[in-house]
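Engineer: sequence first, then the predicted structure, then my questions.
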Amino acid sequence: MISYLVSSFKSTFAYTGLVSDDVDKKNTDFWDRWRRGEWTAITVTYWVGFTMYIFALPWLSDSLNQKYWWNPPNQAGLGPLCHTSVFAPGLECKNGQDLVDIALRHNRTWICGCGQGLFGESLCPVVPGGFSVSFFVGSSMGTGLFTFLSFWPMLSLWWYQDWLQRTHQNPPEKLLRYSWSALCGVQVFYGLLCCTQVCFFPRCHAVCWILFLICWFTHISLISWICRSDPALQKVTHVIATNVLIVFFANIGMFLSTQIDCFLSMHVCSYGYWFFECIQLSAISGMSCFLVVLANMEVPLY
């Protein structure tokens, strides 16, 4: 009985590298390819789901908040989810629109305030700078879905760090340690971003966002520099450089959209920051997907 269990354990986990496999190399290679394909499919699926989610946030907010604002289950008699009056003093649209007029045209006298509703309010931007991903996911459901769909793509950022260390002909240990430390900072500040609501902790959220970007640019610049020193990794360098340019210009777009006069372009003023932020987050979280598909990176087996 014991020998059967040991044999089953080995045959099941040999391809993960947890135990040695001395039985059949062809069988091991098959399971390695299967496992890498499986992990790649999971990562691409998560990334596509995350990208679709953040680009669909305005529609999700408008449709679901309008439909479920009154809290149909009314658990424990807690009342409606959204109960901030549009007539509240100081509450206004930051893009110059009339909040009361827009709400009445939607048969509403309420909006979803900070932390209320299924997603952040979509009638008009009520915080400076226009709509943002952070504003739309500033609720328990919004943050929960955001974290659920992004945790695997963000976790997979460790893959190319590990793969580069094993693939590079002469990996510079000091630069690898620096890039590893910067990637730790990316993960830490990303987690802090998810738990600091932009409407409640605006300054803390902004600081975490800036530090997150600094850590990511530092990390990816070091990775690119390491790849440049190995001729066999030139394709990887090109993929990384393209992605860095996308993130860089997305940041410029985010900044410019907050500076534009809303009377010149109401849509850019309201949705520009959110749109370019979606591009930026999609590019950062999809780095491992791009390297696997475009640069033949091998998913590490642990």
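Structural biologist: Good, I have the coordinates.
Engineer: which of the helices and strands in the protein ranks last by mean pLDDT?
Structural biologist: Lowest on mean pLDDT, DSSP states H and E among the helices and strands of the chain sits helix 2-13, with a mean of 41.
Engineer: shaky segments in the stretch 1-150 of the chain?
Structural biologist: Residues of the stretch 1-150 of the chain meeting the criterion pLDDT under 70: 1-34, 76-77.
Engineer: now with 80, please.
Structural biologist: Applying pLDDT under 80 to the stretch 1-150 of the chain flags residues 1-37, 70, 72-78.
Engineer: in terms of pLDDT, where does Trp158 sit?
Structural biologist: As predicted, Trp158 sits at a pLDDT of 87.
Engineer: need the contact list for it.
Structural biologist: Leu183 (C-beta atoms under 8 Å, 6 or more residues apart in numbering). Quick note: C-beta positions are derived from backbone N, CA and C, even for glycine.
Engineer: can you tell me the element it falls in?
Structural biologist: Assigned by DSSP states H and E, Trp158 belongs to helix 157-167.
Engineer: give the other helices and strands that the host helix or strand of Gly144 contacts.
Structural biologist: Using DSSP H and E, Gly144 sits in helix 140-155. If you count contacts as 3 or more C-beta pairs under 8 Å, 6 or more residues apart in numbering; DSSP states H and E, helix 140-155 packs onto helix 25-55, helix 173-195, helix 266-285.
Engineer: could I get these as a markdown table with distance to Met154 and mean neighbour count?
Structural biologist: Shown next, in a markdown table, are the helices and strands packed on helix 140-155 (distance: least, C-beta to C-beta, whole Å; neighbours: other C-beta atoms under 10 Å):
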| stretch | distance to Met154 | mean neighbour count |
| --- | --- | --- |
| helix 25-55 | 9 | 16 |
| helix 173-195 | 6 | 16 |
| helix 266-285 | 6 | 21 |
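Engineer: for the closest residue to Ser156 other than its chain neighbours, which residues are in contact?
Structural biologist: Leaving aside its sequence neighbours, Ser156 sits nearest to Ser288 (C-beta to C-beta, 6 or more residues apart in numbering; 4.0 Å). Counting by C-beta under 8 Å, 6+ apart, Ser288 touches 43, 153, 156-157, 159-160, 297.
Engineer: pick the one among the residues you listed closest to Ala182.
Structural biologist: Among the contacts of Ser288, Leu157 lies closest to Ala182 (C-beta to C-beta), at 10.8 Å.
Engineer: Gly185 is in contact with that closest one, correct?
Structural biologist: No. If you go by C-beta atoms under 8 Å, Leu157 and Gly185 don't touch, sitting 11.8 Å apart.
Engineer: ok so, going back, in what helix or strand does the residue nearest to Ser156 lie?
Structural biologist: Counting by DSSP H and E, the element that carries Ser288 is helix 287-295.
Engineer: mind listing what's buried along that helix?
Structural biologist: Neighbour-count burial for helix 287-295, with 16 or more other C-beta atoms under 10 Å as criterion, is recorded at 287-292, 295.
Engineer: equivalent analysis for stretch 87-106, please.
Structural biologist: Neighbour counts over stretch 87-106 (16+ other C-beta under 10 Å) mark 93-95, 97, 99-100, 103 as buried.
Engineer: list the contacts for the closest residue to Ser282 other than its chain neighbours?
Structural biologist: Using C-beta to C-beta, 6+ apart and skipping residues adjacent in sequence, the residue nearest Ser282 is Thr51, 4.6 Å away. Going by C-beta under 8 Å, 6+ apart, Thr51 touches 278, 282, 285-286.
Engineer: mind doing that once more with 10 Å?
Structural biologist: By C-beta atoms under 10 Å, 6 or more residues apart in numbering, the residues touching Thr51 are 149-150, 153, 278-279, 281-283, 285-286, 289.
Engineer: hmm, back to that, mutual contacts of Leu157 and Gly185, please.
Structural biologist: Listed as contacting both Leu157 and Gly185 by C-beta under 10 Å, 6+ apart are 216, 219.
Engineer: related to what we said a few turns ago, in JSON lines: the contacts of Thr51, plus distance to Cys269.
Structural biologist: Formatted as JSON lines, these follow (distance: C-beta to C-beta, whole Å):
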{"residue": "Leu149", "distance to Cys269": "28"}
{"residue": "Ser150", "distance to Cys269": "27"}
{"residue": "Pro153", "distance to Cys269": "30"}
{"residue": "Cys278", "distance to Cys269": "17"}
{"residue": "Ile279", "distance to Cys269": "18"}
{"residue": "Leu281", "distance to Cys269": "21"}
{"residue": "Ser282", "distance to Cys269": "22"}
{"residue": "Ala283", "distance to Cys269": "23"}
{"residue": "Ser285", "distance to Cys269": "26"}
{"residue": "Gly286", "distance to Cys269": "28"}
{"residue": "Cys289", "distance to Cys269": "32"}
